[in-house]
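Undergrad: here is a sequence together with a model predicted from it:
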2 protein chains.
Amino acid sequence: MNNMEHKIPLANNHISVDCVVIGFDGEKLKVLLVRRIGEDSGGEVFHDMKLPGSLIYVDEDLDGAAMRVLNQLTGLKNVNLMQFKVFSSKDRTKNPKDVRWLERAEKAKVERIVTIAYLSLVKIDRALNNKNLNNFQAEWVPLDEVKDLAFDHNLIIDEAMKFIRQYVEFNPSCLFDLLPRKFTALQLRMLYEVLYGKRIDVRNFHKKITMMEYVIPMDEYQQGVSHRAARFYKFDKKIYNKTRR
Amino acid sequence: MNNMEHKIPLANNHISVDCVVIGFDGEKLKVLLVRRIGEDSGGEVFHDMKLPGSLIYVDEDLDGAAMRVLNQLTGLKNVNLMQFKVFSSKDRTKNPKDVRWLERAEKAKVERIVTIAYLSLVKIDRALNNKNLNNFQAEWVPLDEVKDLAFDHNLIIDEAMKFIRQYVEFNPSCLFDLLPRKFTALQLRMLYEVLYGKRIDVRNFHKKITMMEYVIPMDEYQQGVSHRAARFYKFDKKIYNKTRR
DNA sequence: CCAAAAGTGTTTCTCATACACCCATGT
DNA sequence: ACATGGGTGTATGAGAAACACTTTTGG
């Protein structure tokens, strides 16, 4: 691929995808993790968590592999998957726990795995209670309760969050991927607050919503709440796309 | 790497890095390309251009490989290299020209090459007239004169430009990587104009410069120009880093 | 003195921020 | 009636944008 001097190219690389799937429950951001069962050096069984991921197969490209992982897990299709970073450090597989687990899982010695990290923002209610979540022992874990994960998956999540914050600025529509189809102003505001880690003034926020022509106030209100019912809003993708040209 | 059903993982992947090296000559953006010599289906020799790149070697990670490519070519060290996107589509190596060239260059059948694209912004004057540029038959090509390149390298350059525009917003200091150490207001303005593809009002721009505390006016002026001499400015990284906390 | 580019101020508008009270509903 | 969260308007300041003329220098 180059006309430089030739040394030994790295053959037999392993390429994987890992998916950071983020949901929002109206209060907190959650990440979708799958359970991993392994044995430590003393032969003791341990449980921990990891990001859903997979090596890539011969008949698919990276986007396809990420899509497959996400679909198997959540049953969701047509979600927006964004490739946001590659992790290729040699010591991402240096932990003996991880090495042992890998060699059992892949039945081969693994030198290094280059992983392409994907981010997806999903409606947590649509991806919840799916039987596949049980099959894969998957769980929604609040971001602030994520423990030590396999490999460098904690790092990958951190980078994903940095990416989202930047991405939202340029493409605010992705926020609505996290919210139910009908949502209240409070939900949207909480989402902003939790993403940027600071409080937002309620009145200014209502003005902001009013100025977003693609956030449509509905004639529908909350029901059965023990206080004034909040109005529902919906996101209009067509209007959004128009106003963004 | 996963606990999903197992199909055949893709072994023997090839992983490469490709570097989009951008320079600015005071008027236009240029990209560093290397010449490629191949044979078409009729056995005729053809010349075209490609991005500098390389497969990765066993003893290096991706950032290291990108660094090596850039250093061999330009002699530059300690430049800021940003990994900005992965290209993994199967048909990025579908052009018969490219297939033939690859098989000759790598002396093996190549199914697919996943490439990690890097972006680097450099001072064109420091990386010009380097003897290595001749050794590798490298050339600075104005962005608007780039012809059909090997593989999907045109696409990679397009994506690189999108990336820069976003990146500048968050990290304006990278603009000064493109300019000489001493630069005029015009040069800086042209850089903005060419990046965003629109004209900027001169007076407003001077105000903008004044407000950027990290752009220091010098007591030095242009010499030997047939009109009023422009003042030189310099970029102060220390001040920049302070004002960004 | 002419050509060519450098440099300079004021006004206007938009947008972000700060801030406090009344409204609707269920218990 | 009260507790709970929903919803509203105004005033201020900062930064972006529009706009035209004078200055310096070499030829």
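TA: The structure has been received and is ready for your questions. Residues are numbered from 1 along each chain as shown, chains lettered A, B, ... in the order given.
Undergrad: over to residue A:164. Which of the three states is it?
TA: helix (DSSP: H, G, I helix; E, B strand; the rest coil).
Undergrad: whoops, residue A:103 was the one
TA: With three-state DSSP as the basis, residue A:103 sits in helix.
Undergrad: so it touches residue A:109, yeah?
TA: Yes. At 6.4 Å, residue A:103 counts as touching residue A:109 under the criterion of C-beta atoms under 8 Å. (Each C-beta comes from the backbone N, C-alpha and C, glycine too.)
Undergrad: list the contacts of residue A:157.
TA: With contact taken as C-beta atoms under 8 Å, 6 or more residues apart in numbering or on different chains, residue A:157 is in contact with A:20, A:31, A:51, A:143, A:146, A:149.
Undergrad: these in strands, which ones?
TA: A:20, A:31 (DSSP state E).
Undergrad: narrow the contacts of residue A:157 to just the buried residues.
TA: Among the contacts of residue A:157, those that count as buried by neighbour count (16 or more other C-beta atoms under 10 Å in any protein chain shown) are A:20, A:31, A:51, A:146, A:149.
Undergrad: the lowest-mean-pLDDT helix or strand in chain A - contacts with which helices or strands?
TA: Taking mean pLDDT, DSSP states H and E as the measure, helix A:131-135 is the helix or strand of chain A with the lowest mean score, a mean of 72. Where contact means 3 or more C-beta pairs under 8 Å, 6 or more residues apart in numbering or on different chains; DSSP states H and E, helix A:131-135 is packed against helix A:62-74.
Undergrad: buried ones in the least confident helix or strand of chain A?
TA: residue A:133.
Undergrad: report the separation between residue A:230 and DNA strand C.
TA: For residue A:230, the distance to DNA strand C equals 10 Å [C-beta to the nearest atom of the strand, to the nearest Å].
Undergrad: just give the number of residues close to that residue.
TA: Residue A:230 sits with 14 neighbouring residues when counted by other C-beta atoms under 10 Å in any protein chain shown.
Undergrad: assumed residue A:229 was part of a strand.
TA: No. Using three-state DSSP, the assignment for residue A:229 is coil, not a strand.
Undergrad: so what's it up against?
TA: Contacts here follow C-beta under 8 Å, 6+ apart; on that basis residue A:229 touches A:221, A:222, A:223.
Undergrad: low-confidence regions, chain A specifically.
TA: Segments of chain A classed as low confidence (criterion: pLDDT under 70) are A:1-13, A:127-131, A:245.
Undergrad: 50 instead, please
TA: Across chain A, the stretches falling below the confidence threshold (pLDDT under 50) are A:1-7, A:9-11.
Undergrad: so which strand or helix has residue A:35?
TA: When secondary structure is defined by DSSP states H and E, residue A:35 falls within strand A:29-39.
Undergrad: okay, buried residues for that strand please.
TA: Applying a neighbour-count criterion of 16+ other C-beta under 10 Å, the buried positions in strand A:29-39 are A:29, A:30, A:31, A:32, A:33, A:34, A:36, A:38.
Undergrad: please state the offset of that strand from the chain centre?
TA: Distance of strand A:29-39 from the chain centroid (C-alpha atoms, centre = their mean, to the nearest Å) equals 13 Å.
Undergrad: quickly check: it near chain B or not.
TA: Yes. With C-beta under 8 Å from any C-beta of the partner chain as the threshold, strand A:29-39 lies in contact with chain B, specifically through A:34, A:36.
Undergrad: which residues sit against that strand?
TA: Looking at what lies outside strand A:29-39 - C-beta under 8 Å, 6+ apart - the contacts are A:19-24, A:45-52, A:73-74, A:97, A:100-101, A:104, A:124, A:127, A:136-143, A:146, A:149-150, A:157, A:194-195, B:3.
Undergrad: mind checking which of those are in helices?
TA: Among these, the residues falling in helices (DSSP state H) are A:73, A:74, A:97, A:100, A:101, A:104, A:124, A:127, A:157, A:194, A:195.
Undergrad: how about CSV for these, with distance to DNA strand C added?
TA: Below are the ones in helices among the contacts of strand A:29-39 laid out as CSV (distance: C-beta to the nearest atom of the strand, whole Å):
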residue, distance to DNA strand C
A:73, 37
A:74, 34
A:97, 44
A:100, 50
A:101, 46
A:104, 52
A:124, 26
A:127, 30
A:157, 27
A:194, 16
A:195, 14
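Undergrad: show me which of residue A:103 and residue A:109 is the more surrounded one.
TA: With neighbours defined as other C-beta under 10 Å, residue A:103 and residue A:109 compare such that residue A:103 has more, 12 against 9.
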